[in-house]
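# got a sequence here, can you build the structure:
(chains A and B)
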Amino acid sequence: DAGVIQSPRHEVTEMGQEVTLRCKPISGHDYLFWYRQTMMRGLELLIYFNNNVPIDDSGMPEDRFSAKMPNASFSTLKIQPSEPRDSAVYFCASSLREGRRDTQYFGPGTRLTVL
Amino acid sequence: SQKIEQNSEALNIQEGKTATLTCNYTNYSPAYLQWYRQDPGRGPVFLLLIRENEKEKRKERLKVTFDTTLKQSLFHITASQPADSATYLCALSSYNTDKLIFGTGTRLQVFP
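Residues are numbered from 1 along each chain as shown, chains lettered A, B, ... in the order given. Presented below is the predicted three-dimensional model:
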């Protein structure tokens, strides 16, 4: 298996632009997680899905952030409009069973820079 | 609020020695604790999971302990190698959610 796939790997955009990050989880995994990592705040969970349904989005910073999972093999995280403070590395992860007691497999991440 | 603390300073040790990393938490009663390894420019990689009713778990050169009284987990790498150099993250979760809360990680550097 190719593992969790994320695209793009790097994104540089200007403040106010819309940014869409993409994730393809490992086939057969029921759980999908979106994280953000910064030096100041470390790795933070933004939202997670179970069987394509959002379960907990309490980590989404504000309404500018939205996430969707239209099917079991694809998810997007959208930021509109983007701001410089959104600059971070965004990771997608998937797990076969409940994330609390199962291995989470992380993708390589998308490094986002908002100028 | 829930807080997870890991040594922010890097841990430097000599090859062959045992590395010990600490994870302390407050205002939390975790059911599960996980340890991940992260290399620069890459996503975290799962290493070990330990449950609240387990005191210790081992995997090859790795050993994790979990003391719910002290609210602390220790992560040991025996016979450390330069290839073990990385940042190590601990993560906690409870019974009623799949949300993992991560510590900020400790960077380990093993010198030949």
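# excluding covalently adjacent residues, which one is nearest to residue 28?
Just so you know, I chose chain A. Leaving aside its chain neighbours, residue A:28 sits nearest to residue A:96 (6.7 Å; criterion: Cβ to Cβ, 6 or more residues apart in numbering or on different chains). For every residue, glycine as well, the C-beta is placed using N, CA and C.
# my bad, the chain I had in mind was chain B
The shortest distance from residue B:28 to any non-neighbouring residue, by Cβ to Cβ, 6+ apart, is to residue B:2 (4.6 Å).
# same deal with residue B:51?
Nearest non-adjacent residue to residue B:51 (Cβ to Cβ, 6+ apart): residue B:32, at 5.8 Å.
# look up how far chain B lies from the residue nearest the centre of chain A.
Centroid check for chain A by Cα atoms, centre = their mean gives residue A:34 as the closest residue, at 3.1 Å. To chain B, residue A:34 is 12 Å away according to Cβ to the nearest Cβ, to the nearest Å.
# show me the contacts for the residue nearest to residue B:28.
Neighbour list for residue B:2: B:25, B:26, B:27, B:28, B:101 [criterion: Cβ atoms under 8 Å, 6 or more residues apart in numbering or on different chains].
# out of those, which one sits closest to chain A?
Distance to chain A, by Cβ to the nearest Cβ, is smallest for residue B:101 among those, at 7.4 Å.
# now do the residue nearest to residue A:28: how many residues are near it, please.
Look at residue A:96: counted by other Cβ atoms under 10 Å in any protein chain shown, it has 14 neighbours.
# which strand residues bridge residue B:21?
residue B:75 (DSSP bridges).
# my guess is it meets residue B:11, correct?
Yes - if you go by Cβ atoms under 8 Å, residue B:21 and residue B:11 touch, sitting 6.6 Å apart.
# neighbour count winner among these two?
residue B:21 (23 against 15).
# how far away is the more buried one from residue A:107?
In this view, residue B:21 and residue A:107 are 25 Å apart by Cβ to Cβ, to the nearest Å.
# over to residue A:28?
Distance from residue A:28 to residue A:107, by Cβ to Cβ: 16 Å.
# ditto for residue A:90
According to Cβ to Cβ, residue A:90 stands 9 Å off from residue A:107.
# overlap in contacts of these two?
Common contacts of residue A:90 and residue A:107 (Cβ under 8 Å, 6+ apart): residue A:6.
# can you list the low-confidence ranges for chain B?
Low-confidence segments of chain B (pLDDT under 70): none present.
# do chain A as well
Judged against pLDDT under 70, the low-scoring parts of chain A cover residues A:1, A:99-100.
# surely residue A:85 is within a helix?
Yes - judged by DSSP: H, G, I helix; E, B strand; the rest coil, residue A:85 forms part of a helix.
# got a list of what it touches?
Applying Cβ under 8 Å, 6+ apart, we find residue A:85 in contact with residue A:114.
# name the residues of chain A found near chain B, please.
Residues of chain A lying close to chain B by Cβ under 8 Å from any Cβ of the partner chain are A:4, A:31, A:33, A:42-45, A:48, A:50, A:55-56, A:59, A:91, A:93, A:98-109.
# show the residue spans covered by the strands in chain A.
With DSSP state E as the criterion, chain A has strands at A:5-7, A:10-13, A:19-24, A:31-38, A:42-50, A:53-56, A:65-71, A:74-79, A:88-95, A:105-106, A:110-114.
# which other helices and strands contact the second one?
The elements that strand A:10-13 packs onto, with contact taken as 3 or more Cβ pairs under 8 Å, 6 or more residues apart in numbering or on different chains; DSSP states H and E, are strand A:19-24, strand A:110-114.
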